[in-house]
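S.K.: here is a sequence with its predicted model. Questions after.
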Amino acid sequence: MSEEYLFLRACRREEVERTPVWLMRQAGRYMAAYQKVRAEHSFLEMCKNPKLAVQVTLQPVERLGVDAAILFSDILVLVEAMGMKLEFHEGLGPRLHEPVRSLEGVEKLRVPDAEKELGYVMEAIKLAREKLRGRVPLIGFSGAPFTLASYIIEGQGSRSFRFTKEMMFSQPETFHALMEKIADAVIDYLNAQIHAGAQALQIFDSWVGCLAPEDYERYVLPHMQRIFASLDARGEVPVIHFANQAATFLEKVRAAGGDVIGVDWRIPLDEAWRRVGYDVAIQGNLDPMALFAPLEEIERRVRDILAKAESRPGHIFNLGHGVHKDTPEEKVVALVRMVKELSAR
Ligand code: CP3
């Protein structure tokens, strides 16, 4: 059946009648229907209750008409299952208690059995497949080891990645041990999602762009390669590798693996595709802030990205990062409609 899905066909670089489109953070606070559910429940409660998670997963499919659903969850639920206490505070973002800064700390972290300890995610995937009834495919996801390590070490988001880089540069064995443990957890988590029914996967390396190319190569790339080599049903379930702010070392991101390379807006799409090679698909790359511009300006930018893709099989339209929470909802609706109309072959 999957052969009929525009999105999955594009992931495999097959010819499509128009460019498929979905948006990172398509389920979220910019949408009134989301706010309504969120007013009654905390964010983590929504992640852990499969009925609520699925309700919100479906909202952008219905409101925007996107070509794929992405499971409503968060990359940090895996870190919680590894043994850290996780909290989300209004306006503050995620907080993890007792950040890990030593080998003893790394040794205390567990590699969870995702099937059991993240059973609510697997249940949500099964329920989402049921409710989607084949309308669009379902994307599962995980954070990449570097991005998860940065939260584990910093205990929160960071601008400087001071503690992460301190560990990397002064206790490289400890850092590698942490990356290895996270990679083990990610592999089991993503394989469990495949078995639960995820039809594609995205790995988010949201903060890896803080690294110099040679540090990416030394500290990140081998762990990423092991993940891509260890996923079940490769070929069957395409994997999108999104490395944010990584334009200076895109070739290395490509070498790390993935059927689709996700790119941000800091590099023109044509240049990115040329550099990763036309034997992988590409996803991107409208600046999410462009959605605050007038419709004519959004359209100009959509046309530009589509022109740069040259109707070559294997382009999936997306933003270069997640939808901003203050984005006018009608602009997001208009964007999806525009991509569909302007990309018709
Ligand atoms: O894309 C989707 O629609 C699926 C849902 C999704 C969420 N988070 C929902 C969410 C996905 C794929 C994520 C992944 C995620 N979480 C990433 C990687 C993607 C990226 O943006 O780079 C990261 C870095 C996180 C960690 C995280 N979770 C942050 C930094 C925040 C924002 C904190 C804030 O207040 O702005 C979250 C919370 C979060 N994740 C929200 C949503 C809808 C907002 C929660 C709320 O309603 O208050």
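M.R.: Here it is on my side, so go on.
S.K.: now Trp87: how far from the ligand?
M.R.: In this structure residue 87 is Glu, not Trp. Using CB to the nearest ligand atom, to the nearest Å, we find Glu87 at a distance of 11 Å from the ligand. For every residue, glycine as well, the C-beta is placed using N, CA and C.
S.K.: how about whichever residue of the stretch 51-200 of the chain sits closest to the ligand, what does it touch?
M.R.: Closest to the ligand within the stretch 51-200 of the chain is Gly93: 3.8 Å, counting by CB to the nearest ligand atom. Applying CB atoms under 8 Å, 6 or more residues apart in numbering to Gly93 gives the contacts Gln156, Gly157.
S.K.: okay, and the beta partners of it?
M.R.: Counting by DSSP bridges, Gly93 is bridged to His89.
S.K.: what residues does the stretch 201-345 of the chain put near the ligand?
M.R.: Residues of the stretch 201-345 of the chain lying near the ligand by CB under 6 Å from any ligand atom: Phe204, Ser206, Gly322.
S.K.: now the first one, what's its secondary structure?
M.R.: Put plainly, it is Phe204. When classified by DSSP: H, G, I helix; E, B strand; the rest coil, Phe204 comes out as strand.
S.K.: that one and Glu310: what is the separation?
M.R.: Phe204 sits 27 Å away from Glu310, going by CB to CB, to the nearest Å.
S.K.: who's more crowded, the two?
M.R.: Legend: neighbour count by other CB atoms under 10 Å for Phe204 and Glu310, higher for Phe204 (22 against 10).
S.K.: quickly list what that one is bridged to.
M.R.: Beta-bridge partners, per DSSP bridges, of Phe204: Gly143, Phe242.
S.K.: buried set for stretch 310-322?
M.R.: For stretch 310-322, the neighbour count (16 or more other CB atoms under 10 Å) marks Gly314, His315, Ile316, Phe317, Asn318, Leu319, Gly320, His321, Gly322 as buried.
S.K.: and the last one, that's in a helix?
M.R.: I take that to be Gly322. No: going by three-state DSSP, the assignment for Gly322 is coil, not a helix.
S.K.: which residues does it contact?
M.R.: Residues near Gly322 by CB under 8 Å, 6+ apart: Leu23, Met24, Arg25, Gly28, Pro288.
S.K.: out of the residues you listed, what pair is the most spread apart?
M.R.: Within the contacts of Gly322, two members stand farthest from each other by CB to CB: Gly28 and Pro288, at 11.3 Å.
S.K.: now do the same contact list for the nearest residue to Gly277 once chain neighbours are set aside.
M.R.: What sits nearest to Gly277 in space, not counting adjacent residues and going by CB to CB, 6 or more residues apart in numbering, is Arg254, at 6.7 Å. Arg254 is in contact with Ile261, Arg275, Val276, Gly277, Val280, counting by CB under 8 Å, 6+ apart.
S.K.: picking up where we left off before, just give me the closest of the residues of the stretch 201-345 of the chain next to the ligand to Gly197.
M.R.: The closest of those to Gly197 turns out to be Phe204 (CB to CB; 20.1 Å).
S.K.: who are the neighbours in contact with that closest one?
M.R.: With contact taken as CB under 8 Å, 6+ apart, Phe204 is in contact with Ile75, Phe141, Ser142, Gly143, Ala144, Thr147, Phe242, Asn244.
S.K.: change it to 6 Å
M.R.: Ile75, Gly143, Phe242 (CB atoms under 6 Å, 6 or more residues apart in numbering).
S.K.: out of these, which are buried?
M.R.: Buried residues within the contacts of Phe204, counting neighbours by 16+ other CB under 10 Å: Ile75, Gly143, Phe242.
S.K.: confirm that the first one sits in a helix.
M.R.: Okay, so that is Ile75. No: looking at Ile75 with three-state DSSP, it is coil, so not inside a helix.
S.K.: follow-up on the earlier one: rebuild the buried ones among the contacts of Phe204 as CSV, extending it with pLDDT.
M.R.: Formatted as CSV, those follow (pLDDT from 0 to 100):
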residue, pLDDT
Ile75, 98
Gly143, 98
Phe242, 98
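S.K.: now, which of those residues sits nearest Cys11?
M.R.: Of the buried ones among the contacts of Phe204, the one sitting nearest to Cys11 (CB to CB) turns out to be Phe242, at 13.2 Å.
S.K.: looking at the protein, which helix is longest?
M.R.: Counting residues, the longest helix found in the chain (DSSP state H) is helix 172-196.
S.K.: mean confidence for that helix?
M.R.: Helix 172-196 shows an average pLDDT of 98 in the prediction.
S.K.: what's the answer for stretch 283-300, then?
M.R.: Rounded mean pLDDT across stretch 283-300 is 98.
S.K.: buried residues, it. List them.
M.R.: Gln283, Gly284, Asn285, Leu286, Pro288, Ala290, Leu291, Ile298, Glu299.
S.K.: and stretch 32-40, by the same measure?
M.R.: Going by neighbour count (16+ other CB under 10 Å), the buried part of stretch 32-40 is Ala33, Tyr34, Val37, Arg38.
S.K.: any idea how far Arg303 is from Ala344?
M.R.: 13 Å.
S.K.: could you give the secondary structure assignment for Phe141?
M.R.: Applying three-state DSSP: Phe141 is strand.
S.K.: excluding sequence neighbours, find me the nearest residue to Leu148.
M.R.: Leaving out its chain neighbours, the residue that sits closest to Leu148 by CB to CB, 6+ apart is Ile182, at 5.2 Å.
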